[in-house]
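Asker: Got a sequence here, can you build the structure:
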Amino acid sequence: MKRDKIRKIFEEKIAKEVTIYGWVRTNRSQSQFGFLNINDGSTILNLQVVYEPQFISNFEEVSKYRVGMSVMVRGDIVLTPDAKQPLEMKAKEIKMLGDCPEDYPIQPKRHTLEFLRENAHLRARTNMFNAVFRIRSVAAMAVHSYFQQNGYLYVHTPLITCADCEGSDQMFKITTLDMNNLEKTEDGKVDFSKDLFAKQAFITGSGQLQGETFAMAFSDIYTFGPTFRTENSNTKTHANEFWMIEPEMAFCDLNGLMDIEEEMLKYVVKYVLDNAKEEIDFCNQFIEKGLRDRLEKLLVSKFTRISHHDVVDLLLKQKTKWEFMPSYEDDIAKEHEKFLTEHFNGPVFVTDWPKDIKAWYMKVNPDNKTVAAVDLLVPGSGELMGGSQREENLDVLLNRMKELNVDPKPIEWYLDTRRYGGNIHSGFGMGFERLIMYLTGVENIRDVIPYPRTPKNCEY
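Answerer: Below you'll find the predicted structure:
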């Protein structure tokens, strides 16, 4: 059947007959004419449909159409350059396709975010979530475009894994064993030899280890897919299921890694600004005033590079009374991140972190106290990316694993990347939802994921 998309109608701005299918957002009816606002999901913009009794045979019926109904409308596009909207549609035929009762939850009024989370299956029909999830789609395309244009291989790393990258205490365990009748070994432990994979398996918390093996064959690769963590956190920035972007680059040191992080972020931001203009305008008006200016400023910003040690020096020199005192041995707090991006008036790379608070696979620096790791802090959002140069020296890596009680036996295959043609290589991870929050101004991660998975919340 013929269907003209509303996005294309607004893009073309041509006076012609069209047929649209969509949902009623509002209906204002008077005795001799009425206005339907129709949205078909192709754009955040609604198309105003003018209907009059002399042009449609079911005027009285249409005047009673309720919000949420699905309809077909055939009519003529009329250009209205002097009006608020650039065009409207004069209806010749309007047909109801799907009814909607009066108790439809998504009425044309302001709803609280909490109410909309409780109706997550319907919230995409609101302007805010229409904009957010459209930006999410455009941003995903931008990520793929950046890496594909720069010759990266897209790798689908496994969701089921026996490799422990982030710590098994943060990974979901999976099994086919009968949890009510577990077989035990002689020493009283669960007998995983009876399980489907004959060993304990997890849902992945990162595709990094598998990604590194492909980087040793293709040089530049990236993964982009769902990851899972068991962290029992109810903050605005944590979820138990989220998407991660994880590139790995052979023959790349920490400085090269930071160059790529900066280039990729600027590319994605510009792509979204260019390809989701109406959605960014909506977020700029209704979610975060000044959002567009913030994003445009990033495109011309200098990304400062400063070591963790120098950051702590700088923080301790301030007269500010910190809630959490800066320490040379610890992570930096949100208040410190905010200060740094304001102090340097732009994004900040914090490098060379204390090795005791970082992962076992990171490159140990010559001082034997720090590792070649980096976090990217951006104004308004704090940490956006985290990465490192990977430890390419097998002996050093084995010593680090021993220090941190990481068993090498399950990942001997990973250690082969150091045995057979190993080289300097680096990679980073970026939570996709953190990126969407940065691009939209939305403050809660639950509002940039279609169906969020958080502690005590696994609906739909």
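Asker: quick one: low-confidence parts of the stretch 51-200 of the chain?
Answerer: Residues of the stretch 51-200 of the chain meeting the criterion pLDDT under 70: 164-168.
Asker: got the residue ranges for the strands in it?
Answerer: 70-79, 87-98, 153-154, 160-161, 173-174 (DSSP state E, counting those that start in this stretch).
Asker: want to try a markdown table for those, with distance to Pro410 and mean neighbour count as columns?
Answerer: The C-beta positions use only the backbone N, C-alpha and C, and glycine is treated the same way. Shown next, in a markdown table, are these (distance: least, C-beta to C-beta, whole Å; neighbours: other C-beta atoms under 10 Å):
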| stretch | distance to Pro410 | mean neighbour count |
| --- | --- | --- |
| strand 70-79 | 53 | 18 |
| strand 87-98 | 53 | 17 |
| strand 153-154 | 25 | 15 |
| strand 160-161 | 10 | 16 |
| strand 173-174 | 14 | 12 |
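Asker: In TSV: those strands, plus distance to Val143.
Answerer: As requested, these are exported to TSV (distance: least, C-beta to C-beta, whole Å):
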stretch	distance to Val143
strand 70-79	33
strand 87-98	33
strand 153-154	10
strand 160-161	22
strand 173-174	28
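Asker: quick one: which of those strands is nearest Trp353?
Answerer: strand 160-161 (25.7 Å; C-beta to C-beta).
Asker: measure the nearest residue to Gly41 once chain neighbours are set aside to Ile287 for me?
Answerer: Ranked by C-beta to C-beta, 6 or more residues apart in numbering and with sequence neighbours excluded, the top spatial neighbour of Gly41 is Gly22, at 7.2 Å. Distance, Gly22 to Ile287, using C-beta to C-beta, to the nearest Å: 24 Å.
Asker: So if I had to pick from those two, which one is more boxed in?
Answerer: Gly22 (24 against 16; other C-beta atoms under 10 Å).
Asker: chain center to stretch 115-132, what's the gap?
Answerer: Here stretch 115-132 is found 17 Å from its chain centre; the criterion is C-alpha atoms, centre = their mean, to the nearest Å.
Asker: Next, the buried residues of it.
Answerer: 116-117, 120, 123-132 (16 or more other C-beta atoms under 10 Å).
Asker: cool, and stretch 277-291?
Answerer: Result for stretch 277-291 [16+ other C-beta under 10 Å]: buried residues Glu279, Ile280, Phe282, Cys283, Asn284, Ile287, Leu291.
Asker: thinking again about what came up before, of the buried residues of stretch 115-132, which is the nearest to Ser206?
Answerer: Nearest member of those to Ser206, counting by C-beta to C-beta, is Val132, at 25.5 Å.
Asker: Relative to Glu241, how far out is the closest residue to that closest one other than its chain neighbours?
Answerer: Nearest non-adjacent residue to Val132, counting by C-beta to C-beta, 6+ apart: Thr440, 5.3 Å away. Between Thr440 and Glu241 the computed distance is 19 Å (C-beta to C-beta).
Asker: Name the residue in these two with the higher neighbour count.
Answerer: Per other C-beta under 10 Å, whichever of Thr440 and Glu241 has more neighbours is Thr440, with 28 against 17.
Asker: Might you report the residue contacts of that one?
Answerer: Ala131, Val132, Ile135, Cys283, Ile287, Glu288, Leu291, Val448 (C-beta atoms under 8 Å, 6 or more residues apart in numbering).
Asker: how about these in a markdown table, adding distance to Lys321?
Answerer: Putting the contacts of Thr440 into a markdown table (distance: C-beta to C-beta, whole Å) gives the following:
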| residue | distance to Lys321 |
| --- | --- |
| Ala131 | 39 |
| Val132 | 37 |
| Ile135 | 38 |
| Cys283 | 34 |
| Ile287 | 32 |
| Glu288 | 28 |
| Leu291 | 31 |
| Val448 | 33 |
